[in-house]
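Trainee: Provided below are the primary sequence and the corresponding predicted coordinates.
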Amino acid sequence: MIPYYVVDAFSDAPFGGNPAGVCLPARPLPDALMQRIAAENNLPETAFVLQNGADWDLRWFTPETEIDLCGHATLGTAFVLDRCVGAPGPYVFHTQSGELRVARKGDLLEMDFPSRPPAPAELLPAMCEALGTVILEAHRSRDLVLVLESAEAVCRLTPDMEKLKALPDTFGIIVTAAGEGDADFVSRFFAPGAGIPEDPVTGSAHSTLIPFWAARLGKKIMKARQLSPRGGVLYCGDAGGRVTIAGSARLYLEGMIHAG
């Protein structure tokens, strides 16, 4: 049996933010089994964490594929180790994206992530057709970054998921704009090709959004909002080659998986 938790990450209340599955197997699991568990859980991502000396090995799976970086499931994993397992932090996770560190900062958990600034990309008519709106700019890192004119335009999007899925060489689509009120910038994230039509709050996307908006706004410390129906708040910092992403989390479920 595998201890299993569901954590609502980047939220200070249940049913908000992004739900992450967190599995703590006692031994390494076959890749195929981890993928089947993630598909069965049917959450945006399921994390598998295994102790490695004083550190931890961490992998993430969507319902359809393994991914190289996931913010909300990393935050959820640190929350489980801190609040449910009682393992002392700060935490060092060994991942496909190198070492990721998470430390408690007051009521928040703060992640140290790689910075992935985007480069300008060609704005294709198919991108506008997929979103059903006017796009000001296109950029690309791991994900495609599409800039809209306002936070309201990001909020009211109703994209065509099949057309998004057909965009070439694209894992995820970040749609972003300058923020309003207390938010410096806003975003939404879509990855229909990976089995995630819309991701509620996407920490890994902020590895790209933070350097992008830091350069535009001339700010190192920013507050971001993801405008999905569930919504979420991320406290962001630009540190050159790294970024910091902090947020709250709440436990929704704990139990056992009777497999593996």
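Mentor: On my side now, so go ahead. Residues are numbered from 1 along each chain as shown.
Trainee: can you give me the end-to-end distance of stretch 140-148?
Mentor: The first and final residues of stretch 140-148 sit 15 Å from each other (CA to CA, to the nearest Å).
Trainee: Next: stretch 82-93.
Mentor: Terminal-residue distance, stretch 82-93 (CA to CA): 14 Å.
Trainee: Can you pull out the residues in contact with it?
Mentor: 5, 24, 49, 54-58, 74, 77-78, 81, 99-104, 109, 251, 254 (CB atoms under 8 Å, 6 or more residues apart in numbering). In short, each C-beta sits where N, CA and C put it, glycine included.
Trainee: again, only this time at 10 Å
Mentor: For stretch 82-93, contacts defined as CB atoms under 10 Å, 6 or more residues apart in numbering pick out 3, 5, 7, 22, 24, 47, 49, 51-59, 74, 77-81, 99-104, 109-112, 249-251, 254.
Trainee: residues in contact with A194?
Mentor: Per CB under 10 Å, 6+ apart, neighbours of A194: P44, E45, F61, T62, P63, E64, T65, E66, I67, K165, F171, G172.
Trainee: Buried subset of the contacts of stretch 82-93, written for ChimeraX?
Mentor: The following ChimeraX line selects those of these that are buried, judged by 16 or more other CB atoms under 10 Å:
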select :3,5,7,22,24,47,49,56,58,59,74,77,78,79,80,81,100,101,102,103,104,109,110,111,112,249,250,251
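Trainee: Which members of the contacts of stretch 82-93 occur in strands, if any?
Mentor: Among the contacts of stretch 82-93, the residues falling in strands (DSSP state E) are 3, 5, 7, 22, 47, 49, 51-52, 55-59, 99-104, 109-112, 249-251, 254.
Trainee: Tell me, how many residues neighbour N18?
Mentor: 31 (other CB atoms under 10 Å).
Trainee: G255 is in contact with L24, isn't it?
Mentor: No. Between G255 and L24 there is no contact under CB atoms under 10 Å: 11.8 Å.
Trainee: Give me the common contacts of those two.
Mentor: I2, P3, Y4, Y5.
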